[in-house]
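*Asks:* build me a structure from this.
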Amino acid sequence: MKNKPIITGIIAIASPIPMFIFTILWDWTWFFGIGMGLLNYDTVPQWITIFSLSPLLISPLIGLLGIIHGTIKIKTKNAWLGILLSGLGLLENLALIYGIYYLGSRF
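*Replies:* Next up is the predicted model:
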């Protein structure tokens, strides 16, 4: 299969919610399982928080790479659609992260 920008765009728009769910499960594993259970921390240190929330950055990186890939291969068929889908994936990531911050500030 050829390296097409539309495939990257589809992955960029489809990945935010599954990566969000994966990040939640990864964070619970590291926070409760490793931090509090295995290492017996009362308060979990900052490095566990940073490491456990790092998968949340994978989906925006895929969106940025999709936009770059689409602009490099602009002469291929439907490259503009790949750029559009990657941009929509970035907007979806922005909405999810803003929702996280909004819910965190309300409660």
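
*Asks:* for the protein, give me the ranges with low pLDDT.
*Replies:* Applying pLDDT under 70 to the chain flags residues 1, 107.

*Asks:* what packs against the longest helix along the chain?
*Replies:* When the chain is scanned for its longest helix (criterion: DSSP state H), the result is helix 79-106. Under the contact criterion of 3 or more Cβ pairs under 8 Å, 6 or more residues apart in numbering; DSSP states H and E, helix 79-106 touches helix 5-14, helix 16-28, helix 58-72. For every residue, glycine as well, the C-beta is placed using N, CA and C.

*Asks:* distance of Met36 from Asp42?
*Replies:* Distance of Met36 to Asp42, given as Cβ to Cβ, to the nearest Å: 8 Å.

*Asks:* pick out whichever of these two has more residues nearby.
*Replies:* Neighbours around Met36 and Asp42, counted as other Cβ atoms under 10 Å, are more numerous at Met36. The numbers are 15 against 6.

*Asks:* and for the closest residue to the more buried one other than its chain neighbours, the neighbour number?
*Replies:* Excluding the flanking residues, the one nearest Met36 by Cβ to Cβ, 6 or more residues apart in numbering is Val44, at 6.7 Å. For Val44, the number of neighbouring residues by other Cβ under 10 Å comes to 16.

*Asks:* before we move on, what about Gly37?
*Replies:* Taking other Cβ under 10 Å as the criterion, the count of residues near Gly37 is 11.

*Asks:* for the one 4 residues further on, same thing?
*Replies:* Counted with other Cβ under 10 Å, residues neighbouring Tyr41 total 13.

*Asks:* which strands or helices does the strand or helix carrying Ser52 pack on?
*Replies:* Assigned by DSSP states H and E, Ser52 belongs to helix 46-53. Packed against helix 46-53 by the contact rule (3+ Cβ pairs under 8 Å, 6+ apart) you find helix 16-28.
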